[in-house]
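Trainee: this is a predicted model, with the sequence first.
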Amino acid sequence: MRRLEARLALEARKPPPVRTRASVSAATVRTARPRPRCPGCTLELPRGRRGESCVWCGFMFAAVSRRASAPKTPRKPR
């Protein structure tokens with residue numbers, strides 16, 4: 001009986017087991033937005049304020065229109 005009590009006392013003093021897997025699934029973790037890219041050279045633009053041209057190739061951003069952020073509404077049938 002003393003052996004059993006000693007073993008139980010040892011088990012009670014042990015720290016809880018360390019988790020090996022993440023507690024949150026990969027689907028629920030927020031992913032970062034993709035970095036903006038230059039339409040000319042397709043390289044990622046550096047962080048910070050965007051200038052008038054690409055820092056890598058010199059492409060002028062005014063040459064292309066900006067993409068619409070809102071989804072397009074469906075057209076009416078003719």
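Mentor: Perfect, I can see it now. Worth saying up front: this structure is predicted, and the values here are computed from it rather than measured.
Trainee: contacts, neighbours, all on C-alpha from now
Mentor: Noted.
Trainee: measure residue 64 to residue 12 for me?
Mentor: Noted for residue 64: a distance of 68 Å to residue 12, by C-alpha to C-alpha, to the nearest Å.
Trainee: scratch that, residue 36 is what I was asking about
Mentor: Residue 36 sits 54 Å away from residue 12, taking C-alpha to C-alpha as the criterion.
Trainee: looking at those two now, which is surrounded by more residues?
Mentor: Comparing residue 36 with residue 12 by other C-alpha atoms under 10 Å, the one with more neighbours is residue 36, at 13 against 10.
Trainee: give me the phi and psi for the more buried one.
Mentor: In terms of degrees, to the nearest 10, the main-chain angles of residue 36 are phi -70, psi 140.
Trainee: one more: residue 9?
Mentor: phi -70, psi -40.
Trainee: what does residue 10 give?
Mentor: phi -60, psi -40.
Trainee: burial measure for it, as a count.
Mentor: Residue 10 has 10 neighbours, counted by other C-alpha under 10 Å.
Trainee: now residue 4
Mentor: Applying other C-alpha under 10 Å, we find 9 residues neighbouring residue 4.
Trainee: dump the residue contacts of it.
Mentor: If you count contacts by C-alpha atoms under 8 Å, 6 or more residues apart in numbering, residue 4 has none.
Trainee: from residue 43, how far out is it?
Mentor: Relative to residue 43, and taking C-alpha to C-alpha, residue 4 is found at 67 Å.
Trainee: ok, now residue 63?
Mentor: According to C-alpha to C-alpha, residue 63 and residue 43 sit 17 Å apart.
Trainee: between the two, which one's more packed in?
Mentor: residue 43 (15 against 9).
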